[in-house]
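Colleague: Just need the structure, nothing else, for what follows:
(one chain, ligands or ions: 1)
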Amino acid sequence: MARFKAKQPSSGAAEKKKPRMSNAERSAYFSRREAAKVLRSVLQGDAHRRAVASIKSLVYSPSIKNKKATFALVCQTLKHLPIIKDVLEGANILNSRWKRQVELVYIITYDILFGQEISFVGEAEKFLLQRKASLQSALARLLVRKKMKRIEDLLDHYQTPDVSKPRYVRVNTLKLDVDSALIELRKQYMVEKDDLVPDLLKLPPKCDLHDHPLVMNGSVFMQGKASSMVAAALDPEPGWEVLDACAAPGNKTVHLAALMRGKGKVIACELNKERIKRLADTVRLSGACNIEVFHSDFLSLDPKDPPYSKVRAILLDPSCSGSGTVAERLDHLLPSHAAGLSANVDETERLTKLASFQKKALTHALCFPQAERIVYSTCSIHQIENEDVVKSILPLAASHGFRLATPFPQWHRRGLPVLEGFEHLLRTDPVEDKEGFFIALFIKEEGSVIHPSLSPDSSHLSRVERTKRKNLSKKEARIIMPTLFGGMFKMFLYSKPCFRVNLK
Ligand SMILES: C[S@@+](CC[C@H](N)C(=O)[O-])C[C@H]1O[C@@H](n2cnc3c(N)ncnc32)[C@H](O)[C@@H]1O
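Modeller: Just a heads-up that it's a prediction; the model follows:
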């Protein structure tokens with residue numbers, strides 16, 4: 001990492017003054033480092049086949065200042081990564097020091113070979129710029145070896161799918177009505193109302209709205225169509241108590257609050273303490289006053305506890321493989337995708353683990369005594385996470401008085417025909433609809449009787465597991481206050497009683 005010393009007082013005419021960084025230099029310097037940080041995260045996650053946040057959500061997290069430049073750099077570097085790796089290997093210029101910062105080296109090499117060659121301030125930049133000739137001749141040798149004339153031909157070699165899809169924004173009706181949003185957005189874009197989901201607006205692909213004032217002030221949320229169908233499928237009534245079981249980053253939580261017109265209560269439960277902050281930010285941005293953020297393991301919530309015994313609707317959108325949103329997540333740019341590793345043995349194991357958690361979570365959701373509507377959703381295309389999960393809990397659901405209902409009956413794409421009632425299930429297709437989601441809606445018939453042997457409890461969990469979860473949740477609750485909610489945020493929580501963070 002380059003260091004920039006504070007300006008020293010001049011000690012003589014002979015001393016050369018260190019040039020100050022211009023704004024462009026400063027911006028390029030920091031964008032490259034921010035991009036390297038994001039790149040490290042996605043590449044490490046990809047290498048270990050671990051689910052990490054998508055490139056977009058990493059770039060658009062509050063810690064990244066120069067979002068547009070960082071995003072472009074990460075995407076372009078990933079797109080050129082196979083070439084960059086070959087070039088660096090061919091040039092053989094990296095010592096152990098630079099190998100430890102290899103993501104920064106990738107970014108700078110991209111800029112030197114393919115990007116706009118501007119402002120190479122910084123030690124890593126200087127190191128690579130001095131070896132520009134070696135990099136260029138390694139690239140020339142690579143072209144010869146691959147029998148190609150142009151870089152574009154090399155890039156075609158590593159083809160990327162078409163990811164152009166309309167941009168959707170959901171109007172946050174707690175802050176703005178749909179017609180006003182339409183008028184405002186039409187000043188800049190072609191906008192139309194979505195024909196299926198109320199409050200959803202459709203814009204042309206690639207509209208960059210991240211800096212739009214309506215997005216910045218929480219009047220509209222950038223949310224895909226399928227994702228916006230989930231809370232709408234649950235359709236909670238104003239005044240109900242609703243549980244969002246796996247809530248962060250909170251897009252569906254705040255959608256629920258808007259559908260309930262801010263009346264009643266949404267309990268937003270989230271296990272991951274890093275993601276709690278993101279959830280709380282989303283809630284604050286939405287202006288919703290009826291959301292309680294709760295840091296806990298959903299599986300450890302006791303449905304008989306008074307805070308949950310009145311819950312009428314549950315939205316269960318658990319961790320999943322995300323396989324339906326790989327294009328949106330830009331996962332096609334990752335090395336494992338290019339190498340066709342998505343269906344390897346590790347992946348099968350991962351899907352089995354995810355499905356096991358999903359079944360437990362759905363089983364648990366069925367135990368809430370007053371729940372009459374439950375939505376189970378994923379952004380996965382895999383049967384094992386979707387129809388198989390639903391099929392496995394159907395008998396238990398029936399014993400609790402639940403049956404499958406049909407969300408958005410006018411939607412043509414339904415579940416895979418592998419269980420009775422598949423036509424009630426809803427799927428969106430990653431190619432046709434540009435994202436692959438799955439939604440199942442359970443509703444409890446009026447007057448249905450709960451079998452006494454299946455009274456609401458956590459009996460599907462072993463005792464050890466229940467105790468472990470309870471202890472974990474208590475421990476984490478102790479951590480969250482000092483670490484996450486300092487300063488301004490704490491003041492906000494205490495000064496505005498409209499949404500609370502609850503610690504079990
Ligand atoms: C697919 S994301 C939810 C996305 C969210 N519904 C939205 O639309 O913004 C799943 C979330 O569930 C959380 N999670 C996983 N296991 C959990 C558990 N046992 N209890 C509560 N939250 C959990 C994950 O940390 C993750 O934030």
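
Colleague: what about the strands in this protein?
Modeller: Counting by DSSP state E, the chain has strands at residues 167-171, 192-193, 200-203, 220-222, 241-244, 265-270, 291-295, 311-316, 373-378, 402-405, 426-427, 438-444, 500-503.

Colleague: Mean neighbour count, distance to the ligand and mean pLDDT for these - can I get that in JSON lines?
Modeller: The way it works is simple: take the backbone N, C-alpha and C, and place the C-beta from them, glycine included. Below are the strands of the chain laid out as JSON lines (neighbours: other C-beta atoms under 10 Å; distance: least, C-beta to the nearest ligand atom, whole Å; pLDDT from 0 to 100):
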{"stretch": "strand 167-171", "mean neighbour count": "23", "distance to the ligand": "11", "mean pLDDT": "96"}
{"stretch": "strand 192-193", "mean neighbour count": "14", "distance to the ligand": "22", "mean pLDDT": "96"}
{"stretch": "strand 200-203", "mean neighbour count": "20", "distance to the ligand": "14", "mean pLDDT": "97"}
{"stretch": "strand 220-222", "mean neighbour count": "22", "distance to the ligand": "10", "mean pLDDT": "96"}
{"stretch": "strand 241-244", "mean neighbour count": "27", "distance to the ligand": "7", "mean pLDDT": "98"}
{"stretch": "strand 265-270", "mean neighbour count": "26", "distance to the ligand": "5", "mean pLDDT": "98"}
{"stretch": "strand 291-295", "mean neighbour count": "25", "distance to the ligand": "9", "mean pLDDT": "96"}
{"stretch": "strand 311-316", "mean neighbour count": "24", "distance to the ligand": "7", "mean pLDDT": "98"}
{"stretch": "strand 373-378", "mean neighbour count": "26", "distance to the ligand": "8", "mean pLDDT": "98"}
{"stretch": "strand 402-405", "mean neighbour count": "19", "distance to the ligand": "20", "mean pLDDT": "97"}
{"stretch": "strand 426-427", "mean neighbour count": "24", "distance to the ligand": "16", "mean pLDDT": "96"}
{"stretch": "strand 438-444", "mean neighbour count": "24", "distance to the ligand": "12", "mean pLDDT": "98"}
{"stretch": "strand 500-503", "mean neighbour count": "16", "distance to the ligand": "13", "mean pLDDT": "50"}
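
Colleague: so where is the chain shaky, pLDDT-wise?
Modeller: Within the chain, the segments meeting pLDDT under 70 span 1-19, 47-53, 117-118, 156-164, 326-346, 446-504.

Colleague: count of neighbours near the residue of the stretch 151-300 of the chain found nearest the ligand?
Modeller: When scored by C-beta to the nearest ligand atom, the stretch 151-300 of the chain has C246 as its residue closest to the ligand, at 2.9 Å. Neighbour count for C246, taken as other C-beta atoms under 10 Å: 23.

Colleague: give me the number of residues near the closest residue to it other than its chain neighbours?
Modeller: Nearest-residue entry for C246: P318, 4.7 Å, with adjacent residues in sequence omitted and distances by C-beta to C-beta, 6 or more residues apart in numbering. Look at P318: counted by other C-beta under 10 Å, it has 21 neighbours.

Colleague: The one 5 residues further on too?
Modeller: Applying other C-beta under 10 Å, we find 20 other residues in the vicinity of S323.

Colleague: With Q188 instead?
Modeller: 11.

Colleague: Please apply the same query to V215.
Modeller: Using other C-beta under 10 Å, V215 has 15 other residues around it.

Colleague: Equivalent analysis for G224, please.
Modeller: G224: 23 neighbours (other C-beta under 10 Å).

Colleague: isn't it right next to Y168, touching?
Modeller: Yes. G224 is within contact range of Y168, at 5.5 Å (criterion: C-beta atoms under 8 Å).

Colleague: Please enumerate the shared neighbours of those two.
Modeller: Overlap of the contact sets of G224 and Y168 (by C-beta atoms under 8 Å, 6 or more residues apart in numbering) is empty.

Colleague: could I get the strands of the chain as JSON lines with distance to K252?
Modeller: JSON lines is the format used below for the strands of the chain (distance: least, C-beta to C-beta, whole Å):
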{"stretch": "strand 167-171", "distance to K252": "10"}
{"stretch": "strand 192-193", "distance to K252": "20"}
{"stretch": "strand 200-203", "distance to K252": "13"}
{"stretch": "strand 220-222", "distance to K252": "10"}
{"stretch": "strand 241-244", "distance to K252": "6"}
{"stretch": "strand 265-270", "distance to K252": "9"}
{"stretch": "strand 291-295", "distance to K252": "11"}
{"stretch": "strand 311-316", "distance to K252": "6"}
{"stretch": "strand 373-378", "distance to K252": "8"}
{"stretch": "strand 402-405", "distance to K252": "18"}
{"stretch": "strand 426-427", "distance to K252": "15"}
{"stretch": "strand 438-444", "distance to K252": "11"}
{"stretch": "strand 500-503", "distance to K252": "18"}
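
Colleague: quick one, what contacts the nearest residue to L209 once chain neighbours are set aside?
Modeller: Leaving aside its chain neighbours, L209 sits nearest to V215 (5.2 Å; criterion: C-beta to C-beta, 6+ apart). Residues in contact with V215 (C-beta under 8 Å, 6+ apart) are V169, L209, F221, M222.

Colleague: So which residues on the stretch 301-450 of the chain come close to the ligand?
Modeller: With C-beta under 6 Å from any ligand atom as the criterion, the stretch 301-450 of the chain meets the ligand at residues D317, P318, S319, C320.

Colleague: so who does the closest residue in space to A138 that isn't next to it in sequence touch?
Modeller: Using C-beta to C-beta, 6+ apart and skipping the chain neighbours, the partner closest in space to A138 is G90 (3.5 Å). Listed by C-beta under 8 Å, 6+ apart, the contact set of G90 reads A138, L139, R141, L142.

Colleague: hang on, isn't the second one packed against V87?
Modeller: When you say that, I think you mean L139. Yes. Counting by C-beta under 8 Å, V87 is a contact partner of L139 at 5.0 Å.

Colleague: which neighbours do the two share?
Modeller: The contact lists of L139 and V87 share L113, where a contact means C-beta under 8 Å, 6+ apart.

Colleague: For E445, give me its contacts.
Modeller: Residues near E445 by C-beta under 8 Å, 6+ apart: G401, F402, R403.

Colleague: Which parts of the stretch 201-350 of the chain are helices?
Modeller: 213-216, 225-234, 251-259, 273-286, 306-309, 326-329, 335-338, 345-365 (DSSP state H, counting those that start in this stretch).

Colleague: Make CSV out of the ones you listed and add distance to D177.
Modeller: Shown next, in CSV, are the helices of the stretch 201-350 of the chain (distance: least, C-beta to C-beta, whole Å):
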stretch, distance to D177
helix 213-216, 12
helix 225-234, 17
helix 251-259, 11
helix 273-286, 15
helix 306-309, 33
helix 326-329, 28
helix 335-338, 41
helix 345-365, 33
